[in-house]
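Participant: got a predicted structure plus its sequence, pasted below:
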Amino acid sequence: MLPLARARRHARRHARRVAPALGAALLALTAAHPAGAQLVDFEDTPGGYQFFTTSGGLTFDIFLSLDAQFGAGARSGTKFAMNRGTESRITRTGGGTFGLTSGAFAQRAVLPVAGVTGPGISYGATSVNIVGRLNGVEVAVQTLALTATPTVIALSGAFAQVDEVRFRPASAMSSQLLFIDDLNAVLTPAATVAPEPASLSLLAAGVAGIAVARRRRGGPRRTPSRTPSRTPSA
């Protein structure tokens, strides 16, 4: 049986060896599976040029759900969204913060529906500003260059934690209207933080301690030798 002091020294040495590898594994796992990742593709919305409020855990204020009859705005599936009005905004359903990493955006095309937008013709912006806000303060602004084909555009890291996203004209002569599909959202954004060395060492020491304890229990047991008793001579 190992003495207690010797077992502790063995556990500390083992912890120092496994802590770096354990930390790297934890970081890789976190990066590969970001918390709360969500693809918002609008397939759960009604389509047919109808207003909707929620999709994929996000709330859309003054947005329309469209399908193929209204243009080529869908990147995947058959439905997509169009913002409507200068106060169109995206928030998290139920409140709180969220993140946006990318989305498929396209220029708002001709809408061939008589009576829907005056004479039935409406053109969208060639560029638009997307604005991220947190606690009433603008924390992110990015200009999106739009084409007639839905194009995936990566958003800056400043959109990683916001509580509201709005769309604004990129210039005085521009519109803020556009087609949107396949938003990549993070509903519980959390920065990937390297575990503290002390925490890793503690975890590794626990693992090493378990290994030592198992080895001690599984090792061969020694039966103490007994000295034959002597029968006193007569």
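Facilitator: Noted; the coordinates are in hand.

Participant: contacts for stretch 42-55?
Facilitator: 40, 56, 59-67, 70, 77-81, 84, 93, 113, 116, 180-181 (C-beta atoms under 8 Å, 6 or more residues apart in numbering). (Each C-beta comes from the backbone N, C-alpha and C, glycine too.)

Participant: filter those residues down to the ones in helices?
Facilitator: Among these, no member is found in helices (DSSP state H).

Participant: just the buried residues out of these, in PyMOL syntax.
Facilitator: Per 16 or more other C-beta atoms under 10 Å, the buried members of the contacts of stretch 42-55 correspond to this PyMOL selection:
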select buried, resi 40+56+59+60+61+63+64+65+66+67+70+79+80+81+180+181
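
Participant: tell me how far residue 45 lies from residue 92.
Facilitator: Look at residue 45 and residue 92: by C-beta to C-beta, to the nearest Å, they are 17 Å apart.

Participant: who has more neighbours out of these two?
Facilitator: residue 45 (24 against 18; other C-beta atoms under 10 Å).

Participant: that one falls within a strand, correct?
Facilitator: No - applying DSSP: H, G, I helix; E, B strand; the rest coil, one finds residue 45 to be coil, outside a strand.

Participant: in this structure, where is pLDDT below threshold?
Facilitator: 1-35, 109-124, 173, 189-234 (pLDDT under 70).

Participant: which parts of it are helices?
Facilitator: 4-32, 197-218.

Participant: quick one, domains of the protein?
Facilitator: 4-32+197-213, 37-186 (automatic domain parsing).

Participant: the contacts of stretch 42-55 in strands, which ones?
Facilitator: 40, 59-67, 79-81, 180-181 (DSSP state E).

Participant: show me which of those is closest to residue 107.
Facilitator: residue 180 (11.5 Å; C-beta to C-beta).

Participant: residues contacting that closest one?
Facilitator: 42, 73, 80, 81, 82, 83, 103, 104, 105.

Participant: contact partners for the second one?
Facilitator: Looking back up the chat, that one is residue 73. 66, 80, 81, 82, 106, 108, 109, 150, 179, 180, 181.

Participant: rerun at 7 Å
Facilitator: Residues counted as contacts of residue 73 (C-beta atoms under 7 Å, 6 or more residues apart in numbering) are 66, 80, 106, 150, 179, 181.

Participant: could you measure from the residue nearest to the fifth one when sequence neighbours are not counted over to residue 90?
Facilitator: Here the nearest residue to residue 179 in space, its sequence neighbours aside, is residue 73; by C-beta to C-beta, 6 or more residues apart in numbering that works out to 3.2 Å. The gap separating residue 73 from residue 90 is 16 Å, by C-beta to C-beta.

Participant: do residue 100 as well
Facilitator: 8 Å.

Participant: give me the common contacts of these two.
Facilitator: residue 165.

Participant: neighbour count for the two, which is higher?
Facilitator: residue 90 (26 against 23).

Participant: so what's the more buried one closest to, chain neighbours aside?
Facilitator: residue 165 (4.3 Å).

Participant: specify the beta-bridge partners of the one you found.
Facilitator: Beta-bridge pairing for residue 165 (DSSP bridges): residue 90, residue 132.

Participant: fine by me, thanks again.
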